[in-house]
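*Asks:* Here is the input, now give the coordinates:
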Amino acid sequence: MFDRVFSAALAFCVLAAGTLAVGSALFEQPKAEAQVVYLPKVEVNGKRAVQVAMSETTPQHQQ
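*Replies:* Numbering: from 1, shown residues only. Reported below is the predicted structural model:
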């Protein structure tokens, strides 16, 4: 009996707390905008690595 009442009360409290949290977030005053920092562009130049698995795909001994 106690577990049924406790689980119902706990569910009601969780729902009420969620409703209050969402409601308080809706009526909250907007904060100042965050400062945005733009970094310079980076260009990466490089060559592709040689395929390591090439020796497995080519036959080593021809019979």
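*Asks:* Please, where are all the helices along the chain?
*Replies:* 2-26, 54-57 (DSSP state H).
*Asks:* lowest-confidence stretch among those?
*Replies:* Across the helices of the chain, helix 54-57 has the smallest mean pLDDT, namely a mean of 55.
*Asks:* re the thing from before, okay, the helices of the chain in a markdown table with distance to residue 40 and mean neighbour count next?
*Replies:* Where C-beta positions appear, they are placed from N, C-alpha and C, glycine not excepted. What follows is the helices of the chain, written out as a markdown table (distance: least, CB to CB, whole Å; neighbours: other CB atoms under 10 Å):
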| stretch | distance to residue 40 | mean neighbour count |
| --- | --- | --- |
| helix 2-26 | 37 | 9 |
| helix 54-57 | 38 | 8 |
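*Asks:* would you list these in TSV and tack on distance to residue 33?
*Replies:* TSV is the format used below for those (distance: least, CB to CB, whole Å):
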stretch	distance to residue 33
helix 2-26	18
helix 54-57	54
